[in-house]
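1. A structural model of the following input is requested.
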Amino acid sequence: MVRNCTRSETSSPPQPYIPPYRSKGAADGSDTIDSQSAGSSRPKGLPARAPGVVFSPRSTHADVAARPRAAGALLAVIAISALAALTFLSTEVGRNAALDQQLSAMESFGIRPTAEQLTQMERRESMAPTPPSRRRSS
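-> You can find the predicted model right below:
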C-alpha cells in the first residue's frame, strides 16, 4: 500500500511567535522583549508617557504596546490644539489671517464675495471675543 505523505509529517515544527518590539542588551547577548519587562514594571501614566516619547521612546513604546490607553492622550492633543488655535485667534493678526484664509478659500471655489459680504465678514471678525488684556478701551 502506498502511503500519502502530508505536509505536516514532513515539515519542520512550527516556529515560536516573536513580537516586533525588541531591544538589545540582554546579559547573554540575545535580544529581550520589552513588553515582557514592561509587564513586570509599574504601568506609566500620561504624565510619564508624554516626556518618555522624546527622552526614552523605546521603553515608552513598549509600555504603550503592552497597555494601550488612548483616552488621555486624545484629550491632551485636543486640549493643546484648541488652546493653540484660541491663542492665535485671540490676536488681531490671527483674526486677520483667518479672514484672509476664508476669502482665499472662497475665491478658490469660484465665489467672489460682494462688497456687502466683505463688510459683513469684517464686522463679524471684529465681534470675535478677545481676552480682557487685549481689549481696546473706548
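2. what's next to stretch 70-84, contact-wise?
-> Stretch 70-84 is contacted from outside by 45-46, 49-50, using Cβ atoms under 8 Å, 6 or more residues apart in numbering. Placement of C-beta: from N, CA and C, glycine included.
3. quick one: mean pLDDT over the longest helix belonging to the chain.
-> If you go by DSSP state H, the chain has its longest helix at helix 71-89. What helix 71-89 shows for mean pLDDT is 92.
4. in it, what counts as buried?
-> Under the neighbour-count criterion of 16 or more other Cβ atoms under 10 Å, helix 71-89 has Leu89 buried.
5. CA atoms of it as CSV?
-> Extracted in CSV, the C-alpha atoms of helix 71-89 (Å, rounded to 0.1, in the frame of the first residue of the first chain):
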residue,chain,number,x,y,z
ALA,A,71,-8.4,58.5,26.0
GLY,A,72,-5.9,60.6,28.0
ALA,A,73,-3.6,61.2,25.0
LEU,A,74,-6.6,62.1,22.8
LEU,A,75,-7.9,64.6,25.4
ALA,A,76,-4.4,66.1,25.8
VAL,A,77,-4.0,66.5,22.0
ILE,A,78,-7.4,68.1,21.7
ALA,A,79,-6.8,70.5,24.6
ILE,A,80,-3.4,71.5,23.3
SER,A,81,-4.7,72.1,19.8
ALA,A,82,-7.7,74.1,21.0
LEU,A,83,-5.5,76.2,23.2
ALA,A,84,-3.1,76.9,20.4
ALA,A,85,-5.9,77.9,18.0
LEU,A,86,-7.7,80.1,20.5
THR,A,87,-4.5,81.8,21.5
PHE,A,88,-3.7,82.5,17.8
LEU,A,89,-7.3,83.7,17.0
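6. C-terminal to it, what's the next element?
-> Note on helix 71-89: by DSSP states H and E, the next helix or strand toward the C-terminus is helix 92-108.
7. and the contacts of that following helix?
-> So helix 92-108 is contacted by 88-89, 112-113, 118, 121-122, 125-126, 128, 134 (Cβ under 8 Å, 6+ apart).
8. returning to what we had before: filter the contacts of stretch 70-84 to the buried ones?
-> Among the contacts of stretch 70-84, those classed as buried by 16+ other Cβ under 10 Å are Arg49.
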